[in-house]
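Peer 1: need coordinates for the below:
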Amino acid sequence: MSTIPETRTAPGATCRVLEAGASFTGKQGFSYAPAISAETVGAQGLHMQIVTIPPGAWARAHKHENHETAIHVLSGRSGTWYGDRLEHHLVAGPGDFVYIPANMPHQPYNLSTTEPCIAVIARTDPNEQESVVLLPELETIHAVEHAAG
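Peer 2: Numbers count the residues shown, from 1 in each chain. As a prediction, this is how the structure comes out:
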């Protein structure tokens, strides 16, 4: 017989409907509009937000320490270099879902020089930017592509 595991709920937490909050520029260099987080609803194990990648823009190389990321692309097309030396590459477009394991170095960018790429991001870090670790030593690996925009 299986049992449903007990879940922990923050004191005073309840169901909520939210609009995305005011946008901010994250450590990675993109614009984020937060919605679900520790700060907004008392979330303890996740956050969800909208990211806008401007035309031709590249994020700073980074990883999310000890936290997984799930992305759903709403519009536009994004490329992502990933791996210890950013040696692997993927492309995602509207309707695609992307999974990034915890501690995986990655560097996303917008494939278009004219249209933004917009996606919903969910991460197991309820505080969003706390787990971001910039990796400046990887910034020059794809500098030629980045300079070409």
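
Peer 1: how about stretch 132-149, which residues are buried there?
Peer 2: Buried residues in stretch 132-149, defined by neighbour count with 16 or more other C-beta atoms under 10 Å: 132, 135, 138-139, 141-142, 146. Placement of C-beta: from N, CA and C, glycine included.

Peer 1: give me the subset of those residues lying in helices.
Peer 2: Within these, residues falling in helices by DSSP state H are residue 146.

Peer 1: just give me the residue closest to the centre of this protein.
Peer 2: Computing the C-alpha centroid of the chain and ranking residues by C-alpha atoms, centre = their mean puts residue 121 first, at 4.9 Å.

Peer 1: gap between that residue and residue 97?
Peer 2: 11 Å (C-beta to C-beta, to the nearest Å).

Peer 1: return every residue with contacts to both of these two.
Peer 2: 70-71 (C-beta atoms under 8 Å, 6 or more residues apart in numbering).

Peer 1: about what we covered before: mind listing what the strand or helix carrying the residue nearest to the centre of the chain pairs with, with the direction of each?
Peer 2: Assigned by DSSP states H and E, residue 121 belongs to strand 117-123. According to DSSP bridges, strand 117-123 forms sheet pairs with strand 47-53 (antiparallel), strand 69-75 (antiparallel).

Peer 1: now that strand: how far from the chain's centre is it?
Peer 2: Between the centre of strand 117-123 and the centre of its chain there are 6 Å (C-alpha atoms, centre = their mean, to the nearest Å).

Peer 1: average pLDDT for that strand, rounded please.
Peer 2: Per-residue pLDDT over strand 117-123 has a mean of 97.

Peer 1: could you pull out the strands in this protein for me?
Peer 2: Across the chain, reading from the start of the chain, the strands by DSSP state E fall at 24-25, 31-36, 47-53, 62-64, 69-75, 78-82, 88-92, 97-100, 106-110, 117-123, 132-134.

Peer 1: among the ones you listed, which comes closest to residue 15?
Peer 2: Closest to residue 15 of those, according to C-beta to C-beta: strand 31-36, at 11.5 Å.
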